[in-house]
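In: I would like the atomic coordinates for the input below:
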Amino acid sequence: MFSHCIGGGTKQEGFIFIMRVSEIKVSYSSNNSEQVKIVSSETAYEVVLEHWDKDIIEFQEEIKVLLLNRANMVLGIYNLSKGGVSGSILDVKIVLSVALKCNASSIIIVHNHPSGNLTASTSDMSITSKLKEACKTLDLSLLDHLIISKDSFYSMNDNGLI
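Out: You can find the predicted model right below:
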């Protein structure tokens, strides 16, 4: 016979079992005194390209997340995933958890197509739609999804897909 005890433990025939759980700590600090404001898809492209390994941009697909505050100042860039030649995983849950941890107000998703073809695939559009809906629930704005190469970019927002 189990019964609840004070302190979250359970008692069974005279024995007390204490449940141990991890304590969660949230902290935030910005150590970057030089802030960059995103004013267009071109600005976002230029900022993220500076943080891309250009030696593998035509070899391996990667996804990064630009995290922005309410004034569209860059809080940081998160390296979400690296994939293969033709794909990489965008895990919506991880994107949202990183954005919340950084206290971001908006995000921009950026990924490269190693082929250099900047056309949005069906799966690119599908995951963007799914992420946009998830962001709405958390009062987070998905401002854009850029597909980049070393020389150019495609903005889903500029092309009416977001």
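
In: quick check, residue 46 in a strand?
Out: No. According to DSSP: H, G, I helix; E, B strand; the rest coil, residue 46 belongs to no strand; its state is helix.

In: count the neighbours of it for me.
Out: Residues within reach of residue 46, counting by other CB atoms under 10 Å, total 13. C-betas here are computed from N, CA, C, even on glycine.

In: which outside residues touch the helix ranked longest in the chain?
Out: Ordering each helix of the chain by length in residues (DSSP state H) puts helix 122-137 first. For helix 122-137, contacts defined as CB atoms under 8 Å, 6 or more residues apart in numbering pick out 87, 90, 92, 95-96, 99, 107, 109, 111, 120, 141-142, 145, 147, 156, 161-162.

In: buried members of those into PyMOL, please.
Out: A single PyMOL command is used to select the members of the contacts of helix 122-137 judged buried by 16 or more other CB atoms under 10 Å:
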select buried, resi 87+90+95+96+99+107+109+111+120+141+142+145+147+156+161+162
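
In: helix, strand, or coil at the most centrally placed residue in the chain?
Out: Note on the chain: the residue nearest the mean C-alpha position is residue 95, at 3.1 Å, using CA atoms, centre = their mean. Put simply, residue 95 is helix when judged by three-state DSSP.

In: and the one 4 residues further on, by the same measure?
Out: Local secondary structure at residue 99 is given as helix here, using three-state DSSP.

In: residue contacts, it?
Out: When contacts are counted by CB under 8 Å, 6+ apart, residue 99 touches 65, 67, 107, 135, 138, 140.

In: measure it to residue 105 for me?
Out: Remark: distance between residue 99 and residue 105 (CB to CB, to the nearest Å) = 9 Å.

In: number of nearby residues for residue 69?
Out: Residue 69 has 16 nearby residues by other CB under 10 Å.

In: state the pLDDT value of it.
Out: At residue 69, the pLDDT value in this model is 95.

In: wait, it touches residue 76, no?
Out: No. If you go by CB atoms under 8 Å, residue 69 and residue 76 don't touch, sitting 10.4 Å apart.

In: restricted to helices, list the contacts of helix 122-137.
Out: 92, 95-96, 99.

In: from those residues, pick the one nearest residue 61.
Out: Set against residue 61, the nearest of these by CB to CB is residue 95 (16.0 Å).

In: what sits against the closest one?
Out: So residue 95 contacts 65, 80, 107, 109, 131 (CB under 8 Å, 6+ apart).

In: among these, which has the minimum pLDDT value?
Out: Scoring the contacts of residue 95 by pLDDT puts residue 80 last, at 91.
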